[in-house]
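**Q** Got a sequence here, can you model it:
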Amino acid sequence: MQRSTAVIYTLFFAGAVAFVIANSGPKGRGAASAPADAGANADAGSPAAAAAPADGDAGTDAGGEGLPEVAPEQPTRSDAGVTLLSGEAPPGLPTEAPKKVRFGVVLVQYRGAQGAPPTARSKEAALALARELSEVARTDWKAAVDKGDKGSTDDLGFIPRGVLEPAPEYELFSLPKGGVSGPVDTPRGFWITRRIE
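**A** Numbering: from 1, shown residues only. A predicted model of the protein is given here:
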């Protein structure tokens with residue numbers, strides 16, 4: 001019994017030491033050391049990111065044996081949700097903009113968006129579909145919701161200002177009651193929003 005307990009503790013300790021060594025070094029691996037504008041995906045602390053060599057060690061461990069190559073994840077656009085489709089930053093909300101709104105959303109996902117499957121459509125195809133659904137939504141909101149991807153809903157409930165990224169927040173909080181926005185890029189895919197209240 002004592003011998004098996006000692007083996008378990010030894011393995012636990014060795015794993016903890018290996019974790020510390022793998023996540024430290026002169027450049028410090030992980031999200032804390034990655035520059036914000038490096039173009040990496042939002043999840044810099046992912047296993048794929050942690051497995052990438054910090055300097056030119058080209059995938060070798062301390063013993064000199066090669067480690068298996070890890071395919072990098074596709075980076076997501078860093079300006080999704082920050083800029084409007086025109087590429088411009090959204091203007092500030094007017095003082096008469098509501099403090100909270102009740103809304104629904106049509107979601108159109110694309111490869112690389114948060115929660116999108118690897119088989120999702122391209123970003124260009126998603127934008128074309130979002131523009132089409134935006135036109136449908138202006139006359140038949142329910143039909144547009146039904147044609148949107150999983151996550152589309154008639155009524156998502158209330159949301160206060162300051163929760164969403166700047167672009168979808170500007171689009172949503174600038175709408176009149178009953179108004180429908182055009183497509184806006186978010187980290188989750190393209191959104192078409194309808195302000196209920």
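**Q** lowest average confidence, helix or strand, in this protein?
**A** helix 47-51 (a mean of 38; mean pLDDT, DSSP states H and E).
**Q** what residues are up against the closest residue to Glu197 other than its chain neighbours?
**A** The shortest distance from Glu197 to any residue other than its chain neighbours is 4.1 Å, reached at Arg102 (CB to CB, 6 or more residues apart in numbering). From N, CA and C alone the C-beta is placed, and that goes for glycine too. Listed by CB atoms under 8 Å, 6 or more residues apart in numbering, the contact partners of Arg102 are 155-159, 195-197.
**Q** hmm, try it at 10 Å
**A** Counting by CB atoms under 10 Å, 6 or more residues apart in numbering, Arg102 touches 155-159, 177, 194-197.
**Q** from those residues, which is closest to Asp149?
**A** Within these, distances to Asp149 taken as CB to CB reach their minimum at Leu156, with 14.3 Å.
**Q** okay, now the domains of this structure?
**A** Taking automatic domain parsing as the reference, the chain has its domains at 1-75, 100-195.
**Q** For the last one, measure first residue to last.
**A** Just to be clear, that refers to domain 100-195. Across domain 100-195, the straight-line distance between its terminal residues is 10 Å, by CA to CA, to the nearest Å.
**Q** Low-confidence stretches in this structure?
**A** 1-78 (pLDDT under 70).
**Q** And Lys177, how far from Lys123?
**A** When CB to CB, to the nearest Å is the yardstick, Lys177 and Lys123 sit 31 Å from each other.
**Q** swap that for Ala144, sorry
**A** Counting by CB to CB, the separation of Ala144 from Lys123 is 20 Å.
**Q** ok, now Val163?
**A** Counting by CB to CB, the separation of Val163 from Lys123 is 24 Å.
**Q** Settle it for me: which of these two has more neighbours?
**A** Set side by side, Val163 and Lys123 give different neighbour counts by other CB atoms under 10 Å, the larger being at Lys123 (18 against 9).
**Q** The residue nearest to that one when sequence neighbours are not counted: which element?
**A** Distances taken as CB to CB, 6+ apart place Tyr110 nearest to Lys123, at 4.3 Å, with adjacent residues excluded. Take DSSP states H and E as the rule and Tyr110 turns out to sit in neither a helix nor a strand.
**Q** wait, isn't Tyr110 in contact with Leu129?
**A** Yes - A contact is recorded between Tyr110 and Leu129 when judged using CB atoms under 10 Å, the distance being 9.3 Å.
**Q** So for these two, which residues contact both of them?
**A** 121, 149, 190.
**Q** one step back: which element follows the least confident helix or strand of the chain toward the C-terminus?
**A** Tracing the chain C-terminally past helix 47-51 and defining elements by DSSP H and E, one meets strand 100-108 next.
**Q** Which strands or helices does the very next helix or strand once past that following strand pack on?
**A** With elements assigned by DSSP H and E, the helix or strand that comes after strand 100-108 is helix 123-139. Here helix 123-139 touches strand 100-108, helix 141-147, strand 184-186, strand 189-195, going by 3 or more CB pairs under 10 Å, 6 or more residues apart in numbering; DSSP states H and E.
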